[in-house]
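Participant: Need a 3D model of the following:
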Amino acid sequence: MIQPISISFEQLNVLTILPMIVTIFGALTILTIDLITDKLHKSFYVMMTIMFLMIDLAVVLTYSNDTRGFFDLMLVDGISLLAQAIILVGSALFVLLALSQSRFHEYRYPEYFALFLFMVAGFQFMVSSDSLILIFVGIETSSMAIYTIIAMHNRSKSIEAAIKYFTLGALATAFFAFGSMVLYGVSGTVELGKMAEVFVSSGFANYPYILIGTVFIVAALGFKLTLVPFHIWAPDVYEGSSAALAGFISIVPKIAGFVVALRFFEIFILVENTFVYYLLYFIIVATMTVPNMIALVQTDIKRMLAYSSISHAGFALVAVLVGTTRATEGLFLYWILFLFTNLGAFAILWVHRRKKDKKFGDGHPFEKFAGLVKTSPITASIMGLFMLSLAGVPPFSLFWGKMYLIGATISADELVLAIIMALNSAIAVYYYLKLIVFMFLKDKVEDTNIVVMGNANTTLKSVIGISAIITTVSVLFIDPLLEFIGYYVGISGF
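Facilitator: Predicted coordinates for the structure are as follows:
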């Protein structure tokens, strides 16, 4: 007779899942309130969402419990806490964009905000475990919520985008499950740390099977991080989503993917595995270069920013290939600075929603912003600031992130890769400056209407203002930010 295993409540260390409990409880609370009354304004649910996100952030920043918990499925180390903080801050800033004066279909439903919190919880599970099972659960939790949220925008392009995202997302999920199954069959464990020990101690026995499992995991992560050639869904999904949600997708889900990639590829980078090294090298170079070339010929600003964010993801993934502590710090520094810059750019697109007209429909073509400096000089200047930062022009924020990451790459004797990074940054300058030329040097197209920032409410102006200030004066807090990042990376052993 099999004897039951006795596990005390203290052994479970439930505090490791407390951050996720906060967001899940917040989502259930919103759904419960909606069952009781449907008379509440959307701003109430926005504030509730912000409140739970801030409570969760306080829990994360004050966490001082054991690293392992919940049957050893949870791994709440410094990398996890840092990534969760970025996820929560980014989510809070983007959900504030819901406080729009216009009536958008999805914001009428409290379920939107509940799904948003479930999605955040999924990201938190992804970064707080080295178990392939729990990472899979986090991916599915977040993905199912995103599919629904995109479709709730209730436009023909939104439904199309949601279907494309769901179809390709299901394929990526199948890849992850199959890759995990193969790696489990070879190693006998689903924990990445123990898996690495088994591979090293056995001298990478059954190497072909390890490579098969790795390729499938790479394909799954490639979809989540929009890496070439798994990026094909991104421009259409970004275009079909609202500008606010497109900006969110371009930033927050990817930090979760980066952390999973850091944990997974550490197995191979530390032992200098040649196949995985060159596979990653090829994907990184292609992801930096191909979207850059495609962005050069885009006529819609949102699609241009979509390809831009793909290229930035490839740039940041260099840190995973390099594998040093400095490179890992550079990854988080780069993505934090990118968060505020890209947030500002998409927020301006969100505020300057296009009114439907016979000439342009409801997209964001460059021509629509022609001569913007004459009608709204402040908006044109701020948008120009974000474009210069994305291009890596000093002294704006993303310049420092790029320089630090390129420096870490050179320090790791990856000079050719550093040159490719610099060349791609130079190529990107063209399509960012293209928008500046339209705003400042082109004449306004007749019969076009844009909702100007002056008509936006105080909350939206504040979000854009905070992003602009951080983008401008970032040089003043780069060192403190690096110390903050270095502390959390250091206690994780990366």
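Participant: When you work out contacts or count neighbours from here on, use the C-alpha atoms and nothing else.
Facilitator: Fine.
Participant: show me the contacts for Val60.
Facilitator: Contacts for Val60 (Cα atoms under 8 Å, 6 or more residues apart in numbering) come out as Pro19, Leu81, Gln84, Ala85.
Participant: if we go to 10 Å?
Facilitator: Val60 sits next to 16, 18-20, 54, 76, 80-85, 88 when contact means Cα atoms under 10 Å, 6 or more residues apart in numbering.
Participant: For it, give its distance to Ser142.
Facilitator: 19 Å (Cα to Cα, to the nearest Å).
Participant: do the same with Ile251
Facilitator: 14 Å.
Participant: again, but for Gly69
Facilitator: Counting by Cα to Cα - Gly69 and Ser142 are separated by 22 Å.
Participant: More neighbours: these two, which one.
Facilitator: Ser142 (23 against 20; other Cα atoms under 10 Å).
Participant: Surely that one is in contact with Phe118?
Facilitator: Yes: Ser142 is within contact range of Phe118, at 6.7 Å (criterion: Cα atoms under 10 Å).
Participant: Find residues that contact each of those two.
Facilitator: Listed as contacting both Ser142 and Phe118 by Cα under 10 Å, 6+ apart are Gln124.
Participant: longest helix of this protein?
Facilitator: Longest helix in the chain, counting residues (DSSP state H): helix 156-187.
Participant: So what's the gap between that helix and the chain middle?
Facilitator: 17 Å (Cα atoms, centre = their mean, to the nearest Å).
Participant: just stretch 139-148 next, same as before
Facilitator: For stretch 139-148 - counting by Cα atoms, centre = their mean - the centre lies 14 Å from the chain centre.
Participant: Send over it as CSV, restricted to the C-alpha atoms.
Facilitator: Listed next in CSV are the C-alpha coordinates belonging to stretch 139-148 (Å, rounded to 0.1, in the frame of the first residue of the first chain):
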residue,chain,number,x,y,z
ILE,A,139,2.4,31.0,-21.1
GLU,A,140,-1.1,29.6,-21.6
THR,A,141,-2.7,31.8,-18.9
SER,A,142,-1.3,34.9,-20.4
SER,A,143,-1.8,33.9,-24.0
MET,A,144,-5.5,33.0,-23.6
ALA,A,145,-6.2,36.4,-21.9
ILE,A,146,-4.3,38.3,-24.7
TYR,A,147,-6.3,36.5,-27.5
THR,A,148,-9.5,37.6,-25.9
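Participant: Give me the buried stretch members for the longest helix of the chain, please.
Facilitator: Along helix 156-187, these residues count as buried under the neighbour rule (16 or more other Cα atoms under 10 Å): 157-166, 168-170, 172-173, 175-184, 186-187.
Participant: could I have the helix or strand hosting Thr459 exported to CSV, CA atoms only?
Facilitator: Element membership of Thr459, judged by DSSP states H and E, is helix 458-473. Extracted in CSV, the C-alpha atoms of helix 458-473 (Å, rounded to 0.1, in the frame of the first residue of the first chain):
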residue,chain,number,x,y,z
THR,A,458,-4.8,64.8,-17.4
THR,A,459,-4.0,61.1,-16.9
LEU,A,460,-2.9,60.5,-20.5
LYS,A,461,-0.9,63.7,-20.5
SER,A,462,0.8,62.6,-17.3
VAL,A,463,1.8,59.2,-18.8
ILE,A,464,3.2,60.9,-21.8
GLY,A,465,4.9,63.5,-19.7
ILE,A,466,6.6,61.0,-17.4
SER,A,467,7.8,59.0,-20.4
ALA,A,468,9.2,62.2,-22.0
ILE,A,469,11.0,63.3,-18.8
ILE,A,470,12.5,59.9,-18.3
THR,A,471,13.6,59.7,-21.9
THR,A,472,15.2,63.1,-21.7
VAL,A,473,17.0,63.1,-18.3
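Participant: Show me what the helix or strand that comes right after that helix is in contact with.
Facilitator: The C-terminal neighbour of helix 458-473 among helices and strands, as given by DSSP H and E, is helix 478-492. The contact list for helix 478-492 (Cα under 10 Å, 6+ apart) reads 67, 76-83, 325-326, 328-333, 336-337, 397, 400-401, 474, 477, 494.
Participant: try 8 Å
Facilitator: Asp77, Gly78, Ile79, Leu81, Leu82, Thr325, Thr328, Glu329, Phe332, Leu333, Trp400.
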